[in-house]
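Asks: Prediction below, plus the sequence it came from.
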Protein chains: 2
Amino acid sequence: MDEIKELAAGVIRTSKELSDGRIIRYYDTHGQRRSNIDTRESAEQPGIGELRLDPLTNEWIAVSHHRQGRVFLPPKELCPLCPSTQSLPTEIPESDFEVVVFDNRTPSLRAPQGDWALPDLAGPDTDMGTAAGKCEVICFTSEHGKSFLDLSPQRVRTLLEAWIDRTHELSQLPYIEHVTPFENRGEEVGVTLSHPHGQIYAYSYIPPRVSLMLAVAQAHHERTGNILLDDVVAREIRDGERIVARNEHWVAYVPYAARYSFEIHVAPLTSVADLTQLSPAAADAFPSIALEVMRRLDGVFNIPMAYIAAWHQAPVRTGRELLRLHWQITSVRRAPGKLKYLAGSESAMGAFIMDLRPEQSAAQLRDVNLV
Amino acid sequence: MDEIKELAAGVIRTSKELSDGRIIRYYDTHGQRRSNIDTRESAEQPGIGELRLDPLTNEWIAVSHHRQGRVFLPPKELCPLCPSTQSLPTEIPESDFEVVVFDNRTPSLRAPQGDWALPDLAGPDTDMGTAAGKCEVICFTSEHGKSFLDLSPQRVRTLLEAWIDRTHELSQLPYIEHVTPFENRGEEVGVTLSHPHGQIYAYSYIPPRVSLMLAVAQAHHERTGNILLDDVVAREIRDGERIVARNEHWVAYVPYAARYSFEIHVAPLTSVADLTQLSPAAADAFPSIALEVMRRLDGVFNIPMAYIAAWHQAPVRTGRELLRLHWQITSVRRAPGKLKYLAGSESAMGAFIMDLRPEQSAAQLRDVNLV
């Protein structure tokens, strides 16, 4: 039951089913036909996990105990995110691909059976829920040894189109409240597969950090009538000294109160709720600033920087006028031989200690010589 | 200007000044006289850092940019937390000690000059503050190669008395809002000195996680009239299956909604706001459960577990009837060769995914054979 759909920027999406019923979606720009069949035996799908409320913080914790056995840093020749070969069928049945998205084989969150609702909050007496949601994997390229910053501008545009498409479709599911596309890069942040890829988590609850940001944006709006991120971006542009890169539609800055030595936020100059609302012009202007930012990050110490890059979007059903799209990139490296750890103050108390002035960090990022 | 003070449990505190004006406090139980002078040249004290409000979350970030050059995993013979020798004067001028506390040489937070106040919250226009507070180092033993679990019960009692004393004194400072004694153990959580020690952070603001916990406890009290932690502990005791250890005055459990595979909370059965309110009987009963919990933790995989162990206390001036003392121990290890990383979901969204059912974790901890 293949399905073909035309997206923006000349991207064609072909959806197919893997042998175990999971869906794979190819995002192509060269008229490829995707006809290869998944030849692997159908594997049993893992069960759905639990959602438990931490009564001390009113935060949902997903318990996905079936994930302990997942693949851990396999050698290149066994990479499940490379294209399939005659001898090794992988997650992607085709022999080549541009951008591809498929359901995670060991998802933390998965589609619920039948009707689903989040249990009511009742402190320590809150009922246990099931860990509804969706977890998808997104591969940026078929080339195993590359990184985001090696992608062509056209490929980044295709990737953005795939993120837009996933945000759009996942937002339609009745049990989804928030969609977060993100990339973890580097073993230092726990990456278990080195092939360039990201993930898309669609949560059935508003993630704790988004709840907090929404409450703060709401209070700011009540106090000033303004959209918080608009005021934040205006201040960054006014101050100037923390700007890292800029083009006609986007600005990248080390935020005034960064938590990490190398933290960069990238925001569209015309704010929108989520990726689906980006104008075609803003979407087309994203690859150049995204690639510049990633090259500056790797240029600071001339080593591949471990980072988490996450799209912050408004929730699906609430706060859409208050929370606005931006891309937060945080590196855990603070010096060539040193990482930033979340220890007692950060982890137990949530109180971040930053080792570098954000203005100094921005100057180091600007000083990188891009050849 | 030495000062000698008698504390509980037969502990005598002797306070002295180091050559650069920092205070060192010895907690002794054998009538030691502390007369050695710090022979090091007086070093310049670093300046005070900045407090910046993250406008997206209304959280204070301390920027302590003078800390980048701090000592990083020195070899044993250069350990600054060992007793002084003829050839190497360390942070502790004496040739031996039991428990000792001194001001951190490169503190993230330090005493402000003159009057001090936290700037008013005004979104992106919030003024920058100075990073007021206190950071102290606490050494558990003079023996470099030991761990918390190697301490004698009497030594743990002395350590607890030092934590009580520091909580009491730091709470008197007009600019302190919260006191957090904690221990980071293991290079996996960023420990830069392997000598068994902890830290005490006294914050001039309520740390973000405490703010959140206070708001949740307040809402629970309004809804039920109950103290939240009392209800949580009652539920853990009722459920039983997550209890790890217990004595007449304390209970240790893997919380119902643990964030980490090996996370243990230790709470007194009669709840109190902070360490200073513990009854003598509860204080005397702490060493046995603390040592048992730490031995069970190291016994799960028969390797030293990297962990963060933090005392959660009520703030100094607010919420003292709502937030209650407990000790949270979180290990970042989830399997012998695997760590738990805070990647996209946890770090960017605050949405924790747990790999193990807390009941399974508690069973593994209970099954450890303590010889």
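Replies: Okay, I see it.
Asks: which residues does A:Asp54 form a beta bridge with?
Replies: According to DSSP bridges, the partner residues bridging A:Asp54 are A:Glu59.
Asks: so who does it touch?
Replies: A:60-61, B:255-257, B:259 (CB atoms under 8 Å, 6 or more residues apart in numbering or on different chains). Where you see a C-beta, it was placed from the backbone N, CA and C, and this is true even at glycine.
Asks: How about A:Pro80?
Replies: A:Pro80 is in contact with A:71, A:74, A:90-91, A:193, counting by CB under 8 Å, 6+ apart.
Asks: pLDDT value on it, please?
Replies: On the pLDDT scale, A:Pro80 is placed at 94.
Asks: can you check A:Leu297 too?
Replies: On pLDDT, A:Leu297 comes in at 97.
Asks: So it versus B:Tyr27, what's the distance?
Replies: 46 Å (CB to CB, to the nearest Å).
Asks: what comes up buried for whichever strand or helix holds A:Cys135?
Replies: Taking DSSP states H and E as the definition, one finds A:Cys135 inside strand A:133-139. Neighbour-count burial for strand A:133-139 flags A:133-139 (criterion: 16 or more other CB atoms under 10 Å in any protein chain shown).
Asks: again with stretch A:152-164
Replies: For stretch A:152-164, burial by neighbour count (16+ other CB under 10 Å) applies to A:155-164.
Asks: and if you look at stretch A:213-232?
Replies: Those would be A:213-214, A:216-217, A:220, A:227-229, A:231-232, for stretch A:213-232 by 16+ other CB under 10 Å.
Asks: quick one: is it near chain B?
Replies: Yes - Stretch A:213-232 reaches chain B (CB under 8 Å from any CB of the partner chain) through A:213, A:216-217, A:219-220, A:223-224, A:228-229, A:231-232.
Asks: So what's the model's average confidence on that stretch?
Replies: Across stretch A:213-232, the average pLDDT comes to 98.
Asks: separation between A:Cys79 and chain B?
Replies: Going from A:Cys79 to chain B by CB to the nearest CB, to the nearest Å gives 19 Å.
Asks: pretty sure that residue contacts A:Leu193?
Replies: Yes - here A:Cys79 reaches A:Leu193: they are 6.8 Å apart, a contact under CB atoms under 8 Å.
Asks: quick one, phi psi at A:Asp38?
Replies: With angles defined as degrees, to the nearest 10, A:Asp38 sits at phi -70, psi 110.
Asks: oh, I was asking about A:Glu188
Replies: Main-chain torsions, A:Glu188, degrees, to the nearest 10: phi -60, psi -20.
Asks: For burial, what's the neighbour tally of the closest residue to it other than its chain neighbours?
Replies: Nearest in space to A:Glu188, with sequence neighbours left out and distances taken as CB to CB, 6 or more residues apart in numbering or on different chains, is A:Ala306 at 3.7 Å. Applying other CB atoms under 10 Å in any protein chain shown, we find 18 residues neighbouring A:Ala306.
Asks: mind checking how far A:Ala306 is from chain B?
Replies: To chain B, A:Ala306 is 10 Å away according to CB to the nearest CB.
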